[in-house]
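In: This is a predicted model, with the sequence first.
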Amino acid sequence: MAENIVLSPNLPSPPHPPSTSPTEADYIRTTTLNYVSRSALILNPSNVRIKGKTIVRSNVVIHGDYGAPIHIGRYCHIDEGAVISPTIVPASSDPTAVTDGGSTSPDGPPSSHEKALPLQIGSHTQIGSNTKIRSLSVGSSVRIGSDCILSPRSKIYDCCVIEDRTVLPPDMIVPPFSRVSGNPGRIVGRLPECCGGEFLEACAHDYGVFVRSLEGKK
């Protein structure tokens, strides 16, 4: 059966304002004009690269401590309570290799017989509140809703919408211009090709609004 063509993107919930208005004192501004909440936790920041003009809200956790690089593009918005971790795989490709029985929990660090893979998140991408990401990669101009789970080894290409409370199963590949929903997540529609430009403009606009709000300007 042919998929429905969505004439206008059915976007997940936009980044919501915190319960109290943030001030400049609540954020660290980097040399590349990123704004990182002082309550965000970036573990082993030497493994985390954020290109510029990205907003990292309160209580976000980024696991650079798993030993793999995490690269985040420009004009991204990572909402409150989101957790970003790299995919973890066996360190050896030998199926007969003996492990030590260490933890392979999807929410834990790699054991001594595991390794973390690099994670790339493209530019102009929004990640909703309390969403957990452990994908191989997330493309540019992607909208990820709140309370989502992106399981290990999943991969999202450019210009996609992941609706609120979606759970992507392990190894799922989301092609460009897809709209995904459900638990387990499945492709429920397609987005128009113009959505990439619309997402780009929206992210730049939202960044300007955020910066002006910190400065007390309208």
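Out: In hand now; what should we look at?
In: tally of neighbours for residue 213?
Out: 14 (other CB atoms under 10 Å). For the C-beta atoms, the positions are set from N, CA and C on the backbone; glycine is no exception.
In: ah, wrong one, I meant residue 30
Out: By other CB under 10 Å, neighbour count at residue 30 equals 14.
In: Same check on residue 119?
Out: The burial count for residue 119: 26, using other CB under 10 Å.
In: May I ask you to confirm that it is in contact with residue 135?
Out: Yes. With contacts counted by CB atoms under 8 Å, residue 119 reaches residue 135, the gap being 6.8 Å.
In: Would you mind measuring from residue 132 to residue 142?
Out: Going from residue 132 to residue 142 by CB to CB, to the nearest Å gives 15 Å.
In: quick one: which of the two has more around it?
Out: In this view residue 132 and residue 142 are compared by other CB under 10 Å, and residue 142 has more residues nearby, 26 against 19.
In: List the contacts of the more buried one.
Out: Residue 142 is in contact with 122, 125, 126, 156, 158, 159, 160, 161, 162, 199, counting by CB atoms under 8 Å, 6 or more residues apart in numbering.
In: related to what we said a few turns ago, list residues touching both of residue 119 and residue 135?
Out: residue 87.
In: Where does pLDDT dip in the chain?
Out: 1-20, 94-106, 217-218 (pLDDT under 70).
In: please redo it, this time with the cut-off set to 80
Out: 1-21, 92-107, 217-218 (pLDDT under 80).
In: Now residue 180. Its backbone dihedrals?
Out: Dihedral pair for residue 180: phi -120, psi 140, per degrees, to the nearest 10.
In: which non-adjacent residue is nearest it?
Out: Nearest residue to residue 180 in three dimensions, chain neighbours excluded: residue 162, at 5.1 Å (CB to CB, 6 or more residues apart in numbering).
In: Thanks a lot, catch you later.
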